[in-house]
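S.K.: sequence below, structure please.
(chains A and B)
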Amino acid sequence: MSMSDDTTAHVEGDPAADLGTGAPRANWPLYEVFVRGKRGLNHVHVGSLHAPDDRMALHNARNLYTRRNEGVSIWVVRADAITASSPDEKDPFFAPSGDKVYRHPTFYSIPDDVPHL
Amino acid sequence: MTVPDETTRLATASTPDGATSAPADLERELEDAFDATVSGEGRVEPRDWMPEGYRKTLIRQIAQHAHSEIIGMQPEGNWILRAPSLRRKAILLAKVQDEAGHGLYLYSATETLGVDRSELTEKLIDSRQKYSSIFNYPTLTFADIGVIGWLVDGAAICNQVPLCRSSYGPYARAMVRICKEESFHQRQGFELLMTLMAGTDAQREMVQDAVDRWWWPSLMMFGPADGDSPNTQQSMAWRIKRHTNDELRQRYVDMSVPQAEALGVTFPDPELRWNAERGSYDYGEIDWAEFTAVVKGAGPCNAQRLAHRRAAHENGQWVRDAASAYAAKQARREQEVAA
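M.R.: Here you go, the predicted model:
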């Protein structure tokens, strides 16, 4: 999974089009939360929250996502600071890696009797 | 890994800006891709194309689920100050905090569908979105805290474990987190009841009384009977739901009866008995009139729950304002230092 799959940073279309009757309101910014489960692992995206500033985002992330020792380190990132690719695997964005089959070890045929290769 | 075949790439290249393909064709193509993902047990992720109905159904279901967690803090919160020991108080506080957390995981998942959680809160307190009818029943004694953990959270687990495989990625992932924590909820409830059952006659009666009051409402948590559940079929086709209401209800009954025996309590249903042919327990007819009434707002605590939620939201306004003002002041100071 790519880290930014869940981010709501760049939802296309008009999200609230058929949902709200209420007037738009000023809101705390959305933060995406990444937690390192333990030493030796990468930070992994776990969810999001709203907070008025970075510090409160970090505190709220601790209270929300690590109540049971789920992490040793947290990153919070404002969702609007994340630039995301399209998740569609057929997207042209990923095409450059699609036709370079020679980047994979299985591209090369080696006789079976050659050891350790 | 496969190399995309030449024809596909040529075809893509020859339709700049989609000029040669009609929107209807594009729509069908997107829908086919979506259907293939869902029927192939793939996961739909936030920025994928999805049918409007799928998005709306998810928003409705996940928001309702989130609201249930938030409202669900109230019946238990009622007993925090009256918990009989520091141990029970600490456990109950942790549990109620978990419920808040579950609500927030779910609001977070809903936001990936393009709604804002403050908007969902508004809808809850304006009664424009629902929450589980179970939380409209009162918690009359401390035994209710144990029974909520055992039966209400037990029913929730039955409902939620299959949702960990829901087709919408963020919902499924939120459910994985929630299910891990629900297990603590159910076990603390059962242990609380075992402690009471090992106590005095009055304490045992208190447990039985709580079970008598919560059993039927817990069965109603699975929603209307399959014949009266208009959304089930579509939700199952979309793999948002994995089982029908009645299937899950039966699973819950079958799980709960041996637990009641272990505890030494009975369920208030004279028709509850083992059916060897089906390999399941038969149970009596649910009072659907009561279910409908509670869903429509006529339960014992509907008005109280919503009034409390509304008051908590409104009374918290100054805290939100203060936090915003502080953040603005800090940002201004940082700018001044930089300048």
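S.K.: helix, strand or coil for whichever residue of the stretch 151-300 of chain B sits closest to chain A?
M.R.: Nearest to chain A, among the residues of the stretch 151-300 of chain B, is B:P170, at 5.3 Å (C-beta to the nearest C-beta). Just so you know, the C-beta spots here come from the backbone N, C-alpha and C atoms, and that holds for glycine as well. Following DSSP: H, G, I helix; E, B strand; the rest coil, we place B:P170 in the helix state.
S.K.: ok, and the closest non-adjacent residue to it?
M.R.: Distances taken as C-beta to C-beta, 6 or more residues apart in numbering or on different chains put B:A109 closest to B:P170, at 4.1 Å, once the chain neighbours are dropped.
S.K.: ok, now which ones touch that neighbour?
M.R.: By C-beta atoms under 8 Å, 6 or more residues apart in numbering or on different chains, the contact list for B:A109 reads A:47, B:62, B:168, B:170-171, B:173-174.
S.K.: so it is in which element?
M.R.: helix B:86-111 (DSSP states H and E).
S.K.: now do that helix, average pLDDT.
M.R.: Helix B:86-111 shows a mean pLDDT of 96.
S.K.: how much space between the residue of the stretch 201-339 of chain B found nearest chain A and A:P52?
M.R.: Here the stretch 201-339 of chain B gets closest to chain A at one residue, B:A327, 3.8 Å apart by C-beta to the nearest C-beta. Distance, B:A327 to A:P52, by C-beta to C-beta, to the nearest Å: 4 Å.
S.K.: ok, residues contacting the longest helix along chain A?
M.R.: When chain A is parsed with DSSP state H, its longest helix is helix A:54-65. The contact list for helix A:54-65, computed with C-beta under 8 Å, 6+ apart, reads A:31, A:33, A:35, A:46-47, A:49, A:51, A:71, A:74, A:76, A:78, B:97, B:101, B:104-105, B:323, B:327.
S.K.: just the buried ones from the residues you listed?
M.R.: A:31, A:33, A:35, A:46-47, A:49, A:51, A:71, A:74, A:76, B:101, B:104-105, B:327 (16 or more other C-beta atoms under 10 Å in any protein chain shown).
S.K.: so for stretch B:211-225, what's the average pLDDT?
M.R.: 97.
S.K.: now swap in stretch B:321-330 and tell me
M.R.: 94.
S.K.: for that stretch, which residues meet the burial criterion?
M.R.: Neighbour counts over stretch B:321-330 (16+ other C-beta under 10 Å) mark B:A327 as buried.
S.K.: which of the three states applies to A:V44?
M.R.: Secondary structure state of A:V44, per three-state DSSP, is strand.
S.K.: correct me, but it touches A:F34?
M.R.: Yes. Proximity of A:V44 to A:F34 meets the contact threshold set by C-beta atoms under 8 Å, at 6.3 Å.
S.K.: of those two, give the one with the bigger neighbour count.
M.R.: Legend: neighbour count by other C-beta atoms under 10 Å in any protein chain shown for A:V44 and A:F34, higher for A:F34 (19 against 13).
S.K.: so where is chain B shaky, pLDDT-wise?
M.R.: Within chain B, the ranges that satisfy pLDDT under 70 run B:1-22.
S.K.: mind listing the strands for it?
M.R.: Using DSSP state E, the strands of chain B run over B:273-275, B:280-282.
S.K.: winner for burial among those?
M.R.: Highest mean neighbour count among the strands of chain B (mean count of other C-beta atoms under 10 Å in any protein chain shown): strand B:280-282, with a mean of 16.
S.K.: and it, how far out from the chain's middle?
M.R.: Relative to the chain's own centre, strand B:280-282 is displaced by 26 Å; criterion: C-alpha atoms, centre = their mean, to the nearest Å.
S.K.: so which elements touch it?
M.R.: Under the contact criterion of 3 or more C-beta pairs under 8 Å, 6 or more residues apart in numbering or on different chains; DSSP states H and E, strand B:280-282 touches helix B:245-263, strand B:273-275.
S.K.: so which bits of the longest one are buried?
M.R.: Put plainly, it is helix B:245-263. Quick answer for helix B:245-263 (16+ other C-beta under 10 Å): B:245-246, B:248-254, B:256-257, B:260, B:263.
S.K.: flag every residue of the stretch 1-150 of chain B that's near chain A.
M.R.: B:1, B:3-4, B:9, B:12, B:45-48, B:52, B:56, B:59, B:94, B:97-98, B:101, B:104-105, B:108-109, B:111-119, B:122-123, B:128 (C-beta under 8 Å from any C-beta of the partner chain).
S.K.: one more time with 7 Å
M.R.: Residues of the stretch 1-150 of chain B that fall close to chain A, judged by C-beta under 7 Å from any C-beta of the partner chain: B:1, B:3-4, B:45-48, B:101, B:104-105, B:108, B:111-112, B:114-119, B:122.
S.K.: filter those down to the buried ones and hand me the PyMOL line.
M.R.: PyMOL command restricting the residues of the stretch 1-150 of chain B next to chain A to the buried ones, with burial defined by 16+ other C-beta under 10 Å:
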select buried, chain B and resi 45+46+47+48+101+104+105+108+111+112+114+115+116+117+118+119+122
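S.K.: please enumerate the strands of chain A.
M.R.: Ranges of strands within chain A are A:30-36, A:43-50, A:73-78, based on DSSP E.
S.K.: ok, which of those comes nearest B:W274?
M.R.: Evaluated over the strands of chain A, closeness to B:W274 peaks at strand A:43-50, with 42.8 Å, by C-beta to C-beta.
S.K.: mind checking the pLDDT average for the closest one?
M.R.: For strand A:43-50, mean pLDDT rounds to 95.
S.K.: count the neighbours of A:S85 for me.
M.R.: 13.
S.K.: so the residue of the stretch 1-150 of chain B found nearest chain A versus A:D80, what's the distance?
M.R.: For the stretch 1-150 of chain B and chain A, the shortest gap (C-beta to the nearest C-beta) falls at B:G114, measuring 2.7 Å. Going from B:G114 to A:D80 by C-beta to C-beta gives 15 Å.
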